[in-house]
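**Student:** 3D, please:
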Amino acid sequence: MSSKDDKKDSNPLSRLVEKIEDVVHDVIDPNDHERHRTEKHATHHQQESDERTQITVNVNVECCPSRPCSEGGSNGTNPPHGRTNHQTGTSDGSIDGGIGAPGSVIKIPQRPFSVWPGPRKGLSACAFLFIRATTGDTGTRPVVGNFWESPDIFISPGVHPDVAPPLPANLGGVAQANADNTVYAHVWNLGLNNAHALVEFYWFNPTLGFKEGNQHLIGFSYVDLDPRGGAHSHKLVKCPESWRAKYENGGHECLVVRASDSQTDPLSNPPWDASQNRHIGQRNIHVMTAAEAAAKPTLGIEIGPLFAAPAIVKVERADTVTMPWLHLATNNRHLLPGTGVPNGDVGLSPPIPSGAGLPNLGAVPNPRGAGLIGDSHGVTGDGMQVGFIATDGNPGAGNAHVYRVSGSQNGQSFGGYTIVILGN
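**Tutor:** Purely as a prediction, here's the structure:
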């Protein structure tokens, strides 16, 4: 092995990403993971032993980072103008005296609610909860990539939670409209303290950006998580309440899950933005067959609040290799659907007020030629929606068409919605 490879293997973050991916692979293909783990055992045995050497401190303090725009070592990119920033309070610097110093983490004086003993990187004794936004995610925020395609949110369609198994049989399951559905979330703790986490499950109408007041609570549960490296530092949590997806959206509403510990790792602002807040996972994915797509050619998507700043909404075709979530649809981490050959058009109707009737784009032979759709549109006000249509047709057995509708302000994405059409 080269010195470059040695340096890479000694990087704790690289090993942590490997561990997270191994855990997920174990869920999807236990036999494959066992073979993979046996091959790596001799090389990584000492490294894993070192990582499990830890001191667990029970902390009764709201341990949150003091960074104004990000956490977990992100690049500090500012959010779009007008949007809520990541707010976690300020630091009084008392952690600099050491974890046992008066006024630090253990011996706490009367500290104001919004003041923390130090930045997140100095509070390793606290819990560090998160729900992955993408594969390989370790909690760094803001997210770079399609953060609305969380691989940690699952559905058992047509099954009530009372009879649903601990693990959904099909990890790529899609909700059934007007039927009982069970929602699951894979929740992680990468901190060095135990967590007693509240896990909340919500649905939203199909939308790019979320805001307070539009959420619909499905249910909630509590879960105890070990510190990082423990056998139970991550768990699959089942929502105890049934989700009856609405018929008018074909059962394809957006799912949002939040995980927090009110004492050691509370939920911070913004409370619904999965791109900035590691406590939030988001699944804005619409999966349907080619027959279902043909039956409902126009899909309405809300744009969400713009906070007094203009935005651009656009649609793009995507290759299936850019969507790791599709591994869940095949239940095989080595197999993705192929990318269907484009043989039609894809576009968005201009924004119109939410609640207004969208045009029946499927009834027009050439909606682009008729001026009814475009690749992108500018939006300047709240309460607007667009209509999505794709006329590519059936991608064929073993293939899929993938389309991403996204909204951005000042060049930074604030939300998205992914449509997958599976061939047959």
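
**Student:** so where's the stretch 51-200 of the chain shaky on pLDDT?
**Tutor:** 51-82, 84-90, 92, 94-95, 97-124 (pLDDT under 70).

**Student:** in it, which spans are strands?
**Tutor:** Under the criterion DSSP state E, counting those that start in this stretch, the stretch 51-200 of the chain contains strands at 90-91, 115-116, 129-130, 153-156, 182-189, 195-204.

**Student:** Output the longest one as PDB - backbone C-alpha positions only.
**Tutor:** It refers to strand 195-204. The C-alpha atoms that make up strand 195-204 are tabulated as PDB, following Å, rounded to 0.1, in the frame of the first residue of the first chain:
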ATOM      1  CA  ALA A 195     -29.200  10.100  23.200                       C
ATOM      2  CA  HIS A 196     -32.900   9.800  24.100                       C
ATOM      3  CA  ALA A 197     -34.200  11.000  20.800                       C
ATOM      4  CA  LEU A 198     -37.600  12.200  19.800                       C
ATOM      5  CA  VAL A 199     -38.400  11.100  16.200                       C
ATOM      6  CA  GLU A 200     -41.200  12.900  14.500                       C
ATOM      7  CA  PHE A 201     -42.800  11.900  11.200                       C
ATOM      8  CA  TYR A 202     -44.600  14.400   8.900                       C
ATOM      9  CA  TRP A 203     -46.100  14.700   5.500                       C
ATOM     10  CA  PHE A 204     -46.400  17.700   3.200                       C
END
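
**Student:** Partner strands of it and their direction?
**Tutor:** Using DSSP bridges, strand 195-204 pairs in its sheet with strand 216-225 (antiparallel), strand 254-260 (antiparallel).

**Student:** The last one vs strand 182-189, what angle?
**Tutor:** In other words, strand 254-260. For strand 254-260 against strand 182-189, the angle by axes from the mean of the first three to the mean of the last three Cα atoms, to 10 degrees is 40 degrees.

**Student:** go on, the longest one?
**Tutor:** Strand 216-225 and strand 182-189 are oriented at 40 degrees to each other (the same axes, to 10 degrees).

**Student:** contact partners of strand 216-225?
**Tutor:** Residues outside strand 216-225 that contact it (Cβ atoms under 8 Å, 6 or more residues apart in numbering): 127, 129, 161, 183, 187-189, 194-204, 232-235, 237-243. Just so you know, the C-beta spots here come from the backbone N, C-alpha and C atoms, and that holds for glycine as well.

**Student:** one more time with 6 Å
**Tutor:** 189, 195-203, 233, 235, 237, 239-241, 243 (Cβ atoms under 6 Å, 6 or more residues apart in numbering).

**Student:** Narrow those residues to those that are buried.
**Tutor:** The neighbour count (16 or more other Cβ atoms under 10 Å) marks 189, 195, 197-203, 233, 235, 237, 239, 241, 243 as buried among these.

**Student:** which of those sit farthest apart?
**Tutor:** Pairwise distances across these (Cβ to Cβ) peak at 27.8 Å, for the pair Trp203 and Ser233.

**Student:** quick check, nearest of the buried ones among the contacts of strand 216-225 to Asp273?
**Tutor:** After measuring those against Asp273 - Cβ to Cβ - the closest member comes out as Tyr202, at 13.5 Å.

**Student:** Distance-wise, check the closest one relative to Gln215.
**Tutor:** Relative to Gln215, Tyr202 is positioned 5 Å away (Cβ to Cβ, to the nearest Å).

**Student:** Gly357 now?
**Tutor:** Distance, Gly357 to Gln215, by Cβ to Cβ: 25 Å.
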